[in-house]
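Undergrad: Predicted structure and sequence below. I'll ask about it afterward.
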Amino acid sequence: MDIRRRRVGKRYTFPRSYINKDNAIEGKQTDIDLLVAFQDKGGFTHLIMLEAKGDTSWDNAQFKHKIDRFVNIFGDNGKRFMNVTPYLGLISPRKPQNLDFNYCPPWLKMGGNIPWFEMGMNDRLKVFGRDREGNPNQKREFWTVNLK
């Protein structure tokens with residue numbers, strides 16, 4: 001498959017389009033944190049979807065919603081799109097605990113598990129809400145950056 005873009009008017013397009021069945025693609029930033037896509041020499045497209053957590057942890061309701069979105073996009077067997085293989089990985093400072101990985105379809109797992117990658121979080125900066133006098137404030141009328 002030729003993935004070179006072409007110009008149509010003022011916009012660039014790619015030669016292949018897919019039907020957005022059931023509005024699976026919503027165009028929201030909540031879909032995935034990092035998407036790596038590449039095409040191998042055999043013409044197969046690989047989508048590596050990485051879901052990251054820094055300060056917070058995953059819960060089962062959020063995880064199940066994410067898995068449901070992937071099933072909606074890629075189909076029950078993960079093969080809705082010909083020659084496209086999806087992969088899922090989790091990234092966080094600590095390995096996820098108590099997640100119901102049985103809910104996840106086998107096509108998103110590798111060796112029976114979802115791959116997990118440790119993310120270092122030493123000396124990181126965070127935005128904090130403040131009031132006019134510099135006191136902590138959830139309304140975030142003002143803000144500052146400090147080490148967490």
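TA: Yes, it's here.
Undergrad: didn't residue 90 look like it was pressed against residue 58?
TA: Yes. Here residue 90 reaches residue 58: they are 7.4 Å apart, a contact under Cβ atoms under 8 Å. Quick note: C-beta positions are derived from backbone N, CA and C, even for glycine.
Undergrad: Between the two, tell me which one has more neighbours.
TA: Comparing residue 90 with residue 58 by other Cβ atoms under 10 Å, the one with more neighbours is residue 90, at 20 against 16.
Undergrad: show me what contacts residue 141?
TA: 129-132 (Cβ atoms under 8 Å, 6 or more residues apart in numbering).
Undergrad: separation between the residue nearest the centre of the chain and residue 83?
TA: Closest residue to the average C-alpha location of the chain: residue 32 at 1.8 Å, with Cα atoms, centre = their mean. Plainly put, residue 32 is 20 Å away from residue 83 if you go by Cβ to Cβ, to the nearest Å.
Undergrad: just checking, residue 134 touches residue 144?
TA: Yes. Counting by Cβ under 8 Å, residue 144 is a contact partner of residue 134 at 7.5 Å.
Undergrad: Could you look up the SS state of residue 70?
TA: helix (DSSP: H, G, I helix; E, B strand; the rest coil).
Undergrad: excluding its backbone neighbours, what's nearest it?
TA: residue 108 (6.3 Å; Cβ to Cβ, 6 or more residues apart in numbering).
Undergrad: Any stretches of the protein with poor pLDDT?
TA: Judged by pLDDT under 70, the chain has its weakly predicted residues at 1-8, 10-31, 123-124, 140, 147-148.
Undergrad: Now do the strands in it.
TA: Applying DSSP state E to the chain gives strands spanning 6-8, 11-13, 34-39, 45-52, 84-92, 116-118, 125-130, 142-147.
Undergrad: Distance to residue 100 added to those strands, as CSV?
TA: Below are the strands of the chain laid out as CSV (distance: least, Cβ to Cβ, whole Å):
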stretch, distance to residue 100
strand 6-8, 44
strand 11-13, 40
strand 34-39, 23
strand 45-52, 15
strand 84-92, 13
strand 116-118, 15
strand 125-130, 30
strand 142-147, 35
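Undergrad: now could you export just the CA positions of stretch 99-116 as CSV?
TA: Output of stretch 99-116 as CSV, limited to C-alpha atoms (Å, rounded to 0.1, in the frame of the first residue of the first chain):
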residue,chain,number,x,y,z
LEU,A,99,-6.9,-4.7,37.0
ASP,A,100,-9.2,-7.2,35.5
PHE,A,101,-7.0,-8.3,32.5
ASN,A,102,-9.5,-11.2,31.9
TYR,A,103,-11.8,-8.5,30.4
CYS,A,104,-9.2,-7.8,27.7
PRO,A,105,-9.5,-9.8,24.5
PRO,A,106,-6.7,-12.1,23.6
TRP,A,107,-5.7,-10.1,20.5
LEU,A,108,-4.6,-7.2,22.7
LYS,A,109,-2.4,-9.4,24.8
MET,A,110,1.1,-10.7,24.2
GLY,A,111,1.9,-14.0,26.0
GLY,A,112,-1.4,-13.8,27.8
ASN,A,113,-0.7,-10.3,29.3
ILE,A,114,-0.8,-6.7,28.3
PRO,A,115,2.8,-5.5,28.2
TRP,A,116,3.8,-3.0,31.0
